[in-house]
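Enquirer: next one to model:
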Amino acid sequence: MSDTQFIAYMDAFRAATEHTAACEACRNGLPCAAGDPIHDDFAARHAAWQARKHVATPTVAVAEETVWATPGYTVDIVCVRRRAGVPEVLLIERGDAPFKGLPALPGGYVDEGETSQAAAARELREETGVRVPETALTMVGVYDTPGRDPRGWTVSVAYRIEVPDSTEAVAGDDAASARWTPLTAVPEAMAFDHGAILADALALTAARSA
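Expert: Numbers count the residues shown, from 1 in each chain. You can find the predicted model right below:
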């Protein structure tokens, strides 16, 4: 998806959510001459973006001497705030291979004896300094497409949360940096399948606002 297509996608997302907020018919799932074309436009753009999930994860060259952590059970977190009405997502820069230097969602491995929800709250705190109660995290989905992680077979549970607009972030753990990025400025090239996870989280937010 090009920058122009992404901006058009976000414009359609905002139009759908703003119209729903102001339209009683749309909030109740009733036909709406003005709203139906707006929602249909967003649905079509989201379907096109979801098709990206079926594109293979970019190939990463792995040196023979590299020792990977054991692949398995991980979490990813879509953390959003609204600064002056502008939605922003919290991204980190990966400090380690694979995808070193690329933007990614905060996340990491689930520890033994830990739930995925507890792991998501912990990883968000460790990598960005943002503290949230684990019960406030809402599941986006489970991501297990073979090849999504070049280190080996890995299943990730993704969560989303919206935090106050005053929330700040500080990079920690293995994140080289952490920054709030306007949704219209999210790079197309992201680590793993994080672009698809972000798209799914935004679609869920729009659906629940409808």
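
Enquirer: what's the end-to-end length of stretch 97-116?
Expert: 23 Å (Cα to Cα, to the nearest Å).

Enquirer: pull out the buried positions in it.
Expert: 98, 99, 102, 103, 104, 105, 106, 107, 108, 109, 110, 116 (16 or more other Cβ atoms under 10 Å). Where C-beta positions appear, they are placed from N, C-alpha and C, glycine not excepted.

Enquirer: residue contacts, residue 95?
Expert: 174, 175, 176 (Cβ atoms under 8 Å, 6 or more residues apart in numbering).

Enquirer: how much space between it and residue 102?
Expert: Separation of residue 95 from residue 102 (Cβ to Cβ, to the nearest Å): 11 Å.

Enquirer: taking the buried residues of stretch 97-116 one by one, which sit in strands?
Expert: By the criterion of DSSP state E, membership of the buried residues of stretch 97-116 in strands covers 103, 104, 107, 108, 109.

Enquirer: can you redo those as a markdown table with pLDDT and distance to residue 121?
Expert: A markdown table is the format used below for these (pLDDT from 0 to 100; distance: Cβ to Cβ, whole Å):
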| residue | pLDDT | distance to residue 121 |
| --- | --- | --- |
| 103 | 96 | 21 |
| 104 | 96 | 18 |
| 107 | 96 | 11 |
| 108 | 93 | 12 |
| 109 | 92 | 14 |
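
Enquirer: related to what we said a few turns ago, which ones among the contacts of residue 95 map onto strands?
Expert: Going by DSSP E, the strands hold 175, 176 from those.

Enquirer: dump the contacts of residue 95 to JSON lines, plus distance to residue 159, pLDDT and neighbour count.
Expert: Formatted as JSON lines, the contacts of residue 95 follow (distance: Cβ to Cβ, whole Å; pLDDT from 0 to 100; neighbours: other Cβ atoms under 10 Å):
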{"residue": "174", "distance to residue 159": "19", "pLDDT": "81", "neighbour count": "13"}
{"residue": "175", "distance to residue 159": "17", "pLDDT": "88", "neighbour count": "23"}
{"residue": "176", "distance to residue 159": "22", "pLDDT": "89", "neighbour count": "12"}
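
Enquirer: is it true that residue 136 touches residue 162?
Expert: No - between residue 136 and residue 162 there is no contact, the gap being 9.1 Å when judged by Cβ atoms under 8 Å.

Enquirer: who's more crowded, those two?
Expert: When neighbours are counted by other Cβ atoms under 10 Å, residue 136 and residue 162 differ, and residue 162 comes out ahead with 16 against 12.

Enquirer: skip the chain neighbours and tell me the closest residue to that one.
Expert: Spatially, and ignoring its direct neighbours in sequence, residue 162 is nearest to residue 80 (4.8 Å; Cβ to Cβ, 6 or more residues apart in numbering).

Enquirer: could you point out which element follows the helix or strand encompassing that neighbour?
Expert: Counting by DSSP states H and E, the element that carries residue 80 is strand 73-83. Once strand 73-83 ends, the next helix or strand along the chain (criterion: DSSP H and E) is strand 86-94.

Enquirer: packing partners for that next one?
Expert: strand 73-83, strand 103-104, helix 116-128, strand 175-182 (3 or more Cβ pairs under 8 Å, 6 or more residues apart in numbering; DSSP states H and E).

Enquirer: of all the ones you listed, which one is nearest residue 148?
Expert: Nearest of the helices and strands packed on strand 86-94 to residue 148, taken as Cβ to Cβ: strand 73-83 at 10.1 Å.
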